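**Q** Below: sequence and its predicted model.
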Amino acid sequence: MFLTAILTSLSLITAPYNRDVQLLDGQWSAIIDQYETGTGKGIYIDKKPEGKTDFIEFSWDGAMKLDVPGDWNHQRPELWWYEGTIWYSRHFNTEKEPGRRKLLYFAGVSCRCDVYLNGQKVATHEGAFTPFQADVTDIIRDGDNFIAVRVNNNRLASAIPAMSFDWWNYGGITREVMLISLPETYIDTWFIRLSGNSSKTVEAEVQLSSNEAGRKITIEIPELGIRKSALTGADGKASAEFKAPGLKLWSPGQPVLYSVRLSSGEDSVEDEIGFRQIVTDGTKVLLNGNPVFLRCISFHEEIAKESRRAWSEKDAEELTKAAAALGCNMIRLAHYPQNEHIVRMAERMGLMIWEEIPLWQGIDFTSGETYGKADRYLTEMIARDRNRCAICFWSISNETRPGKDRDAFLTRLLARGKELDSSRLFTSAFDVAYYIKEAGEFQMKDSFASLLDVIGINKYMGWYAPWPDDPENLRWNVFPGKPLIISEFGCEAKYGRYGNADTASSWSEDYQAELFKKNLAMFRNIDNLAGISPWILYDFRSPYRQHPANQDFFNRKGLLSENGERKKAWYIIHDYYNEKK
Ligand code: GCU
């Protein structure tokens, strides 16, 4: 079991928040370790000096305190730009429970970490935006326990994202930490969804924590009067497929969710699950058999007015309500899996979701190590969220360039994604659609893209690319046989700056508004347009955006200022979306 505790468990318990949880949130001690001396000095043990001659330099006595969950950047001025290692620790009381297991679950740590419990290394994880866990049953003590976490947010060429990206490099234990108490054999993971080819048949796979055959698992949907049982195979997994007469399908207009109760032996757990179908038919996206136009918006996992990572239910409500107010029926969670509260809140509010791994621009496609990270992030994202019916699109890359290594890397990753979840559409966002003057149209050549169900195009006409002609004259011939989503467009504007509607460098709301009108005019010519997603809901923090007066390290492409003030372009999209309803 000790060995199991060391290897961060590759399975991820489903719906951890619905379990018997002891939250380890609150004020943790923290020490900046810029020279990486903590591990060697055994900082993960809360040592005290012994006798008259002993002294301990790397000590927790008097350490600063940081809130967990939370990025360190916004908590202290000296940490705003910090990239490196910070050690966190805290004591907590708990009790061993004979016959029960204890999982230590991290919802997200940015962006790599080592976890020690009572002096023993129990987990190591890289990836800021996906959870991980460790079974610590044999390491937990009755009474006082000591947890220490080494957190590092250095950018690495082998990482995903790599050396530069257009969002703030927040570091820290940015999401909840929890101790989960479970029966010796518990219901570990499940995947429950509408069968691909029927609107009234449910498919369920339920996995126990141990490979015990012949264990009965019961699935109940009380509201539908459904109670089905199945026996596990030698792998501890049980499958069932059953009719669900009276089932109401989830959609933005009817975001119906059912309480689904799973039980086996002494374990039982509930989850809120919706059922819907999402497929393409030619250039259309069909939700429950009906064509749907995706009225989307992107946002980062950030409360911009406080320059911090979003992490709580309250933060999730703020972001999703702002998207709903715009008239959206979908959100693009840029550029990484955002916290589970945002995903569940969006589902309850009737917002479809495009979720993606942070494979953003300059990735090292020649590295097997990097591929392993991409595979794991995709696996962890799908493992965490595959029961969330609001998620309709998995995206595996953003703005990568065609090439032998990149094509092979993404083709392999796409195959892995479809192996993990064949019930959703796969997409990516590309910035390689170009206007070909001789042809008088936009074209795109990308053999990898042809493998996807839906094509995302990021195109900043009027900002990064000048208009080659009046927008209404511009034709598009980009994957005409597939649904196209304009997954990013727009430009920067400083809230409250007016005039100069024809001058980009004015950073004015009027320039931004004009640009949006022109883009909407151009979009009318895209025959296979299935949706649009302006970049972006809020102005957001980025080290890329250095203009002292206009940006001050904010990317100002928001329809809202960082304080939530509506720019003129907000009203243009709001009206356009309301016409599309
Ligand atoms: C790119 C990228 C975004 C970035 C945006 C911009 O398309 O996908 O992450 O913020 O352009 O330049 O503002």
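**A** Received, thanks. Numbering: from 1, shown residues only.
**Q** Can you say which helix or strand has whatever residue of the stretch 1-150 of the chain ends up closest to the ligand in it?
**A** Going by C-beta to the nearest ligand atom, the ligand is nearest to Phe129 of the stretch 1-150 of the chain, at 14.4 Å. The way it works is simple: take the backbone N, C-alpha and C, and place the C-beta from them, glycine included. Assigned by DSSP states H and E, Phe129 belongs to neither a helix nor a strand.
**Q** these two touch, right, it and Lys373?
**A** No. In this structure, Phe129 is not within contact of Lys373 by C-beta atoms under 8 Å, at 11.8 Å.
**Q** neighbour-wise, which of the two wins?
**A** Legend: neighbour count by other C-beta atoms under 10 Å for Phe129 and Lys373, higher for Phe129 (27 against 18).
**Q** count of residues packed around the residue of the stretch 201-350 of the chain at minimum distance from the ligand?
**A** The minimum distance from the stretch 201-350 of the chain to the ligand, using C-beta to the nearest ligand atom, falls at His335 (5.7 Å). With neighbours defined by other C-beta under 10 Å, the count for His335 comes to 25.
**Q** Quick check: which element contains it?
**A** Per DSSP H and E, there is no helix or strand for His335.
**Q** Over to Ile363?
**A** Using DSSP H and E, no helix or strand contains Ile363.
**Q** List the contacts of the closest residue to the residue of the stretch 1-150 of the chain closest to the ligand other than its chain neighbours.
**A** Spatial nearest neighbour of Phe129, excluding adjacent residues (C-beta to C-beta, 6 or more residues apart in numbering): Tyr336 at 3.9 Å. By C-beta atoms under 8 Å, 6 or more residues apart in numbering, the contact set of Tyr336 is Ala128, Phe129, Glu301, Glu356, Ile357, Pro358.
**Q** Contacts only, for the second one.
**A** By C-beta under 8 Å, 6+ apart, the contact set of Phe129 is Gly108, Ser110, Glu301, Tyr336, Pro337, Gln338, Ile357, Pro358, Tyr377, Met381.
**Q** Over to the first one: give its phi and psi.
**A** Main-chain torsions, Gly108, degrees, to the nearest 10: phi 180, psi 130.
**Q** Model confidence score at the closest residue to it other than its chain neighbours, please.
**A** Ranked by C-beta to C-beta, 6+ apart and with sequence neighbours excluded, the top spatial neighbour of Gly108 is Arg175, at 3.5 Å. For Arg175, the pLDDT comes out at 98.
**Q** Kindly report the same for Ile6.
**A** Here, the pLDDT recorded for Ile6 equals 33.
**Q** If we ignore the residues flanking it in sequence, what's nearest the residue in the stretch 351-500 of the chain that the ligand sits nearest to?
**A** Nearest residue of the stretch 351-500 of the chain to the ligand (C-beta to the nearest ligand atom) works out as Asn458 at 4.1 Å. In this structure, Asn458 finds its nearest non-sequential neighbour in Glu488, 3.7 Å apart by C-beta to C-beta, 6+ apart.
**Q** contacting residues around that neighbour?
**A** With C-beta under 8 Å, 6+ apart, Glu488 has these contacts: Ser298, Ala429, Gly456, Ile457, Asn458, Lys459, Tyr460, Ser533, Pro534, Trp535, Ile536.
**Q** Those residues of the stretch 51-200 of the chain touching the ligand, which are they?
**A** Asp166 (C-beta under 6 Å from any ligand atom).
**Q** start to end distance for stretch 521-535?
**A** 17 Å (C-alpha to C-alpha, to the nearest Å).
**Q** gap between that stretch and the chain center?
**A** Averaging C-alpha positions (C-alpha atoms, centre = their mean, to the nearest Å) puts stretch 521-535 25 Å from its chain's average.
**Q** residues making contact with it?
**A** Contacts for stretch 521-535 (C-beta under 8 Å, 6+ apart): 283-285, 292-298, 330, 332, 354, 454, 458, 460-461, 471-472, 474-476, 478-490, 516, 557, 559, 569, 573.
**Q** Now, these that are in helices?
**A** Of the positions in these, Phe516, Ala569, Ile573 sit in helices, assigned by DSSP state H.
**Q** pLDDT value on the residue nearest to Asn458, please?
**A** So Glu488 comes in at 98 (pLDDT).
**Q** Now Tyr544: closest residue in space, sequence neighbours ignored.
**A** In space, Tyr544 is closest to Asp166, 5.0 Å off (C-beta to C-beta, 6+ apart).
**Q** helix, strand or coil for the one you found?
**A** Per DSSP: H, G, I helix; E, B strand; the rest coil, the local secondary structure of Asp166 is coil.
**Q** how about it, what does it touch?
**A** So Asp166 contacts Trp360, Ser542, Tyr544, Arg545, Asn555 (C-beta under 8 Å, 6+ apart).
**Q** With Gln34 instead?
**A** Gly84, Thr85.
**Q** What residues sit buried inside stretch 251-264?
**A** Within stretch 251-264, the residues that count as buried by 16 or more other C-beta atoms under 10 Å are Ser251, Pro252, Pro255, Leu257, Tyr258, Val260, Leu262, Ser263, Ser264.
**Q** which ones are touching the residue of the stretch 351-500 of the chain closest to the ligand?
**A** Asn458 sits next to Asn398, Glu399, Ala429, Phe430, Asp431, Ile486, Ser487, Glu488, Phe489, Trp535 when contact means C-beta under 8 Å, 6+ apart.
**Q** and if you look at Asn555?
**A** Neighbouring residues of Asn555 by C-beta under 8 Å, 6+ apart: Asp166, Glu492, Ile536, Asp539, Phe540, Arg541, Ser542, Tyr544, Arg545.
**Q** among those, which are in strands?
**A** Phe540, Arg541 (DSSP state E).
**Q** For PyMOL, write the selection for the buried entries among the contacts of Asn555.
**A** PyMOL command restricting those to the buried ones, with burial defined by 16+ other C-beta under 10 Å:
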select buried, resi 166+492+536+539+540+541+542+545
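**Q** tell me which of the contacts of Asn555 is nearest to Val279?
**A** Ile536 (28.2 Å; C-beta to C-beta).
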